[in-house]
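Student: next input, structure requested:
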Amino acid sequence: MTVIVVSGTGTEIGKTVTTAAVAALALAAGRSVAMLKPAQTGVAPGEPGDAQEVTRLAGDEITTLELARFPEPLAPNTAARRAGMAQVRPFEVAAAAEKLATEHDLVLIEGAGGLLVQYDDEGATLADAARLLLAPVLVVATAGLGTLNMATLTTEALRARGLSPLGLTIGGWPAAPDLASRCNLADLPHSAGAPLLGAIPQGAGALPRSDFRTRAADWLGPELGGTWDSAAFTRREAPAGA
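Tutor: Coordinates of the predicted model:
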């Protein structure tokens, strides 16, 4: 895969750390990597955003590109409108990704918030850019109560648009998971109709770069370049009868 779109079931659920982990594994495999952020919101000029966080965790050799940056932490179309700035269009995202793909082995596109957050006032979303690129979508989900519904809605929205979910990752696996989180390990793939490809521990984003890069393989499955075993993890963490 040359382009992977990283979306999620909501905001602040671990998309950036997941993107960084995928990037770290690609770099470890000798691949060149670019990270595209179509719209960064809630960050002032000069402040580090998600693209800078990915390089902080995974490596400075990653090429990063932001198409737009809006100061208020809102949906991209609203943030752009309030700032009096141009909105981001799906064809612009696709064109930027295609150019990066000519120069890199892997391009990771990290969205803002959930899959259907709007980027312009015509209702365009990250899914529209993924359709133009024919790119698989990696869905980052939370661990606990409510994630089955949100993950299933997200994968259904992808399929309704002719897109296939690459799989699911849990963006923040708790050190002491509750019963719902443990049961969801078995239920998520069945409910969403997509394989579970990883579980990144909470707090992974606070690790030093060297530790993050070394441990990333333990968090993501072979489909993403790691060694994480979904079946073994589920057997270990899920409660009896789940």
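Student: kindly provide the distance from residue 138 to residue 222.
Tutor: 14 Å (CB to CB, to the nearest Å). All C-beta spots, glycine's among them, are computed from the backbone N, C-alpha and C.
Student: do you have the helices of the chain handy? List them.
Tutor: Remark: helices assigned in the chain by DSSP state H are 15-28, 50-58, 76-83, 90-101, 126-133, 147-160, 179-192, 209-215, 230-237.
Student: that older thread, more crowded one of residue 138 and residue 222?
Tutor: residue 138 (29 against 12; other CB atoms under 10 Å).
Student: bridging residues for that one?
Tutor: Under DSSP bridges, the beta-bridge partners of residue 138 are residue 6, residue 167.
Student: what sits against it?
Tutor: Contacts were defined as CB atoms under 8 Å, 6 or more residues apart in numbering; by that measure residue 138 touches 4-7, 18, 22, 165-169, 197, 224.
Student: wait, residue 130 sits on residue 139?
Tutor: No. Distance between residue 130 and residue 139: 11.4 Å, which falls outside the contact criterion (CB atoms under 8 Å).
Student: identify the contacts common to these two.
Tutor: residue 158.
Student: neighbours of residue 102, how many?
Tutor: A count of nearby residues for residue 102, using other CB under 10 Å, gives 8.
Student: same question but for residue 68, I mixed them up
Tutor: Other residues within reach of residue 68, judged by other CB under 10 Å, total 19.
Student: where's it relative to residue 150, distance?
Tutor: Going from residue 68 to residue 150 by CB to CB gives 26 Å.
Student: got the contact list for the nearest residue to residue 44 once chain neighbours are set aside?
Tutor: Excluding its sequence neighbours, the residue lying closest to residue 44 (CB to CB, 6 or more residues apart in numbering) is residue 71, at 5.6 Å. For residue 71, the contacting residues are 41, 42, 43, 44, 45, 79, 83, by CB under 8 Å, 6+ apart.
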